[in-house]
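A.B. asks: got a sequence here, can you model it:
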Amino acid sequence: MSISISSLTFSHHPQNSNLGISESSPRISWRFSGTTKNWTQASYELEITPASGVPKTFIVSSEESVLVPWPEDEAKLESREQVSVRVRTTGTDGTRTEWSESVDVEVGLLGREDWTAKMVAGERRVNENGSLRPTLFMKAFQVEKEIKKARLYITAYGVYEASINGEKVGNEVLAPGWTSYKHRLTYETHDVTSLLRKGENGIGVEVADGWYCGRLGFNGGRRFIYGDRLAVLAQLEIEFEDGESVTVGSDESWMSGVGPRISSEIYDGETYDASLESSRGEEKWSAVEILDFPSVLLLAPEGPPIRKVETLKPKEIFRSPSNKVIVDFGQNLVGWVRLHVQGPKGHKITLTHTEVLEHGEVATRPLRDCKAVDSLILSGSPITWEPKFTFHGFRYVQIDNWPSSTGQPIPEDLEGVVIHTDMERTGWFECSESQVNQLHKNITWGMRGNFVGIPTDCPQRDERLGWTGDIQVFAPTANYLYDTSGMLSSWLKDLALEQVKDFKGVVPQVVPNVIDPILNTPQAVWGDVAVITPWTMYNSFGDIEFLKNQYGSMTSWVSAVPRAKDSLLWDPNTHQLGDWLDPSAPPEEPANGKTDPHFIANAYLTYITSLLATISKILEKSSEEQEKYKKEAEELLLEFRNNYITPSGRLAPDTMTSLSLALTFHLFPTTTQSQLAGARLAHLVRASRFRIATGFAGTPLVCPALTMTGHEQIAYRMLLEKRCPSWLYTVSMGATTMWERWDSMLPDGTINPGSMTSFNHYALGAVGEWLHSTVGGISQESSSIGWKVIRFAPVPGGTITWAKTSHLGPYGLISCEWKIEGGRFRMVIQVPPNSRGVVKLPGKTEVIEVGSGEYEDECSWEEDKAWPPKAILDPFSQLQEGDGEL
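C.D. replies: Just a heads-up that it's a prediction; the model follows:
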């Protein structure tokens with residue numbers, strides 16, 4: 001199959017999302033499709049066509065096809081400027097691709113001088129619950145000429161939805177999303193040409209609390225963290241066919257009022273009174289108030305917005321033991337319910353959203369101080385309604401007071417609307433074990449529900465915050481499954497701003513930070529996101545800008561770590577979250593696990609300092625700076641070894657987490673010690689009867705640590721364990737997302753007594769990286785960045801007889817599929833054009849280098865006599881039937 005260009009993108013913007021970008025010299029990337037063997041790009045031609053219609057072509061001799069620079073001879077783009085770009089490439093064999101499809105890219109408003117609109121606020125109306133009543137803004141205007149094009153640049157204090165002539169603008173929800181509003185506020189650009197008409201026109205904007213004014217945080221939270229006024233900044237620019245233009249910007253001439261939406265909050269839900277939908281007279285509107293123009297950075301988004309991405313129909317509608325109507329959507333999702341209903345005027349329907357049932361009833365206790373209730377008051381006419389400015393994490397919905405003879409809806413009356421940041425899906429996995437497949441689905445759904453504007457811990461209770469430790473451990477899995485580059489690039493910039501400007505170099509535990517500053521003490525694992533996650537992004541997407549942009553954040557964090565006296569190690573008197581939610585920790589003491597939290601902190605500190613030394617070299621920092629971090633890393637490693645490693649390779653403490661950290665961070669002095677540590681880890685797993693004994697810090701690393709030391713069958717046996725605590729225990733209990741605790745639900749169906757119990761938390765799903773790399777067989781070669789060189793090396797084990805995984809990387813589609821049958825191991829791989837692969841068959845030492853293309857290979861296969869591994873059982877323990885057995 002000949003080589004072709006399958007997509008053309010700019011910086012980290014999704015394909016076909018290039019309206020209103022903030023880069024005046026956007027970097028350009030293209031992916032390839034085709035299976036021609038050993039095809040490598042030798043040069044490329046960029047054709048850039050401005051609005052004048054006269055194209056310019058730039059020919060560059062280069063193998064690069066990912067984030068190539070804007071041509072030096074081409075002027076930087078200015079605000080509002082639009083160009084069309086296409087590319088074709090020539091291979092080292094002389095073959096040339098066809099031109100790609102032309103892709104338009106348009107710059108937004110780059111400077112404050114481009115804004116003539118004003119930030120306008122309406123009257124402040126406070127509801128009984130303390131929230132602000134959503135505010136409507138409107139402006140009527142005339143259009144007298146033929147329109148060529150029109151753009152709406154818009155943002156808000158709060159979350160908003162805009163309309164022109166009654167038609168919704170764009171397909172985003174909860175815009176402009178959540179950034180660190182003290183430092184950065186994003187605006188959106190919309191092409192609204194088709195919504196305008198000659199004659200009378202009207203623009204309307206509704207704004208609700210969202211993250212700007214709404215209640216955020218646990219223990220009651222706080223309101224008005226960023227401000228206490230709902231406001232909008234909107235600039236509609238219309239260009240006519242005769243070359244003239246006009247701007248309709250928010251200013252003193254705009255009016256404000258209220259509509260049928262009584263209240264709408266992130267945590268507590270939305271109340272809508274459809275009987276108030278009747279037309280409003282002019283007397284219902286009042287003048288707006290002009291606020292100061294935003295003093296923070298006002299910029300275009302780097303990544304995709306939040307959108308509705310899917311709808312689900314009810315799986316079942318039934319009555320609970322207390323005769324409540326409950327709807328089961330069959331999937332723990334994030335979003336809301338759309339209703340199709342008719343009933344008497346004034347009739348009120350309420351929907352209570354929960355993730356699980358307990359004793360057959362909706363379980364609201366895990367929501368803590370979060371109501372998660374939507375209410376619809378009917379008008380007497382048929383209505384299709386869904387909330388706009390809230391979201392819930394739920395599988396089950398209790399519906400009270402449904403207006404029908406049975407008191408309950410039919411499936412056609414309801415739809416579950418799924419929302420998340422609309423990232424491109426890039427990773428897939430499947431194998432012969434159905435429960436492992438469900439585990440992978442749970443990992444994916446858990447990520448979807450917690451990537452709503454920012455990477456959050458959970459989507460359902462009074463939290464939903466950007467916990468830094470969670471994304472630090474999960475980012476490698478996330479980056480395989482979805483293109484997170486734009487979203488996490490933006491989030492990391494917020495992290496750096498808050499860390500440096502607000503916390504003197506200490507990384508907040510949540511970003512954007514909304515919790516009490518007294519809680520933001522330096523924390524290993526969580527704070528280490530400042531170094532590890534930019535490194536993960538650099539490796540996943542091949543963009544050195546992740547390192548450049550975050551380097552100051554990295555060095556500030558390493559400098560801010562409190563040190564012990566006369567030592568580079570952590571101050572032992574600091575409080576550490578440690579191996580958070582180790583299953584041995586008491587329900588109300590999730591930090592009180594088996595592993596010394598300062599061991600974890602010092603292992604991480606040694607690792608991140610070594611990473612920083614590597615990064616300073618990559619960025620070509622001064623020789624003095626490079627030497628500083630290299631020396632610190634060497635001294636830390638020596639101190640760590642002296643404090644924690646015995647000559648035989650035993651560790652103090654001796655736990656699954658400690659051994660996994662020391663092995664994967666390469667902290668042992670000798671190979672012999674590493675092998676002994678691997679054997680000790682395998683022993684601990686067998687002694688635990690293959691049940692997991694790690695929390696947030698250890699879980700991502702335990703299977704890789706076992707595999708790298710030759711104990712892959714122990715890793716598979718742990719993966720396939722079904723008793724609590726284990727990955728498949730959650731699956732056997734009917735989970736459809738990852739849980740916060742290994743035992744969020746106990747075997748008898750009751751909910752863990754701890755007050756912090758979520759059924760949608762992605763951190764423990766970090767095992768996904770091991771599923772992709774070891775079971776599926778796809779990872780990057782150690783020297784590669786951005787998937788330039790792919791390693792195909794599946795390590796079969798357990799009862800899994802086939803697996804397949806694929807990843808849509810920067811160069812194109814990568815895939816690996818293998819099967820064991822009839823004493824043979826067979827594998828089929830695909831290497832995208834302009835990249836290379838290294839292939840290692842199981843049981844073989846030989847590594848084969850290949851270029852692009854599809855390849856098949858096979859070898860003989862003998863069943864591993866180490867399977868199934870045996871548990872180490874204590875004859876005096878009170879064992880349950882089947883303990884230690886599959």
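
A.B. asks: might you list the low-confidence residue ranges for the stretch 201-350 of the chain?
C.D. replies: Flagging of the stretch 201-350 of the chain using pLDDT under 70 yields the residue ranges 279-283.

A.B. asks: that one: strands as residue ranges?
C.D. replies: Under the criterion DSSP state E, counting those that start in this stretch, strands of the stretch 201-350 of the chain are mapped to 231-240, 245-249, 255-257, 261-265, 269-273, 286-287, 289-291, 297-299, 306-312, 316-319, 325-341, 348-354.

A.B. asks: find the nearest non-adjacent residue to the spatially most central residue of the chain, please.
C.D. replies: Closest residue to the average C-alpha location of the chain: Phe451 at 3.9 Å, with CA atoms, centre = their mean. Take Phe451 and drop its neighbours on the chain: the residue closest to it by CB to CB, 6 or more residues apart in numbering is Thr421, 4.8 Å away. Just so you know, the C-beta spots here come from the backbone N, C-alpha and C atoms, and that holds for glycine as well.

A.B. asks: just the pLDDT at that neighbour, thanks.
C.D. replies: Here, the pLDDT recorded for Thr421 equals 98.

A.B. asks: I'd like the strands of the stretch 201-350 of the chain as TSV, with mean neighbour count and distance to Gly220 appended.
C.D. replies: Shown next, in TSV, are the strands of the stretch 201-350 of the chain (neighbours: other CB atoms under 10 Å; distance: least, CB to CB, whole Å):
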stretch	mean neighbour count	distance to Gly220
strand 231-240	23	26
strand 245-249	16	39
strand 255-257	19	30
strand 261-265	23	14
strand 269-273	23	17
strand 286-287	12	33
strand 289-291	15	28
strand 297-299	17	31
strand 306-312	16	26
strand 316-319	14	34
strand 325-341	21	23
strand 348-354	21	20
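
A.B. asks: of the ones you listed, which is nearest Ser29?
C.D. replies: strand 297-299 (21.2 Å; CB to CB).

A.B. asks: how distant is the closest one from the center of its chain?
C.D. replies: 22 Å (CA atoms, centre = their mean, to the nearest Å).

A.B. asks: tell me what that strand is packed against?
C.D. replies: strand 184-186 (3 or more CB pairs under 8 Å, 6 or more residues apart in numbering; DSSP states H and E).

A.B. asks: hmm, who's touching the strand it packs on?
C.D. replies: For strand 184-186, the surrounding residues in contact (CB atoms under 8 Å, 6 or more residues apart in numbering) are 155, 176-177, 179, 294, 296-301, 490, 493-494, 497.

A.B. asks: touching, the residue nearest to Phe451 and Pro301? I think so.
C.D. replies: No - assessed by CB atoms under 8 Å, Thr421 is found out of contact with Pro301, at 10.1 Å.

A.B. asks: now for those two: what residues contact both?
C.D. replies: In contact with both Thr421 and Pro301: Gly177, using CB under 8 Å, 6+ apart.

A.B. asks: re earlier: return the residues in contact with the residue nearest to Phe451.
C.D. replies: 177, 303-307, 451-453, 487.

A.B. asks: thinking again about what came up before, is the residue nearest to the centre of the chain bridged to anything, and to what?
C.D. replies: Pro455 (DSSP bridges).

A.B. asks: per-residue pLDDT, it?
C.D. replies: 98.

A.B. asks: next: His575.
C.D. replies: 95.

A.B. asks: secondary structure class of it, three-state.
C.D. replies: coil (DSSP: H, G, I helix; E, B strand; the rest coil).

A.B. asks: okay, it and Asp596: tell me how far apart.
C.D. replies: 13 Å (CB to CB, to the nearest Å).

A.B. asks: check Tyr153 too.
C.D. replies: Taking CB to CB, one finds Tyr153 at 53 Å from Asp596.

A.B. asks: so for the two, which sits in the more crowded spot?
C.D. replies: Taking neighbours as other CB atoms under 10 Å, Tyr153 and Asp596 compare with Tyr153 leading, 24 against 20.

A.B. asks: what's the closest non-adjacent residue to the more buried one?
C.D. replies: Closest to Tyr153 by CB to CB, 6+ apart is Gln235, at 4.5 Å.

A.B. asks: quick check on Glu712: phi, psi?
C.D. replies: Backbone torsions of Glu712, given as degrees, to the nearest 10, read phi -60, psi -30.

A.B. asks: I should have written Glu355 there, sorry.
C.D. replies: Per degrees, to the nearest 10, the backbone of Glu355 is at phi -80, psi -30.

A.B. asks: which SS state does the closest residue to it other than its chain neighbours fall under?
C.D. replies: Closest residue to Glu355 apart from its sequence neighbours, by CB to CB, 6+ apart: Phe759 at 4.1 Å. At Phe759 the chain is in coil, as set by three-state DSSP.

A.B. asks: returning to that earlier point: could you dump the strands of the stretch 201-350 of the chain to JSON lines with distance to Arg197?
C.D. replies: Compiled in JSON lines, the strands of the stretch 201-350 of the chain are given as follows (distance: least, CB to CB, whole Å):
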{"stretch": "strand 231-240", "distance to Arg197": "11"}
{"stretch": "strand 245-249", "distance to Arg197": "14"}
{"stretch": "strand 255-257", "distance to Arg197": "21"}
{"stretch": "strand 261-265", "distance to Arg197": "27"}
{"stretch": "strand 269-273", "distance to Arg197": "29"}
{"stretch": "strand 286-287", "distance to Arg197": "27"}
{"stretch": "strand 289-291", "distance to Arg197": "29"}
{"stretch": "strand 297-299", "distance to Arg197": "30"}
{"stretch": "strand 306-312", "distance to Arg197": "26"}
{"stretch": "strand 316-319", "distance to Arg197": "43"}
{"stretch": "strand 325-341", "distance to Arg197": "29"}
{"stretch": "strand 348-354", "distance to Arg197": "36"}
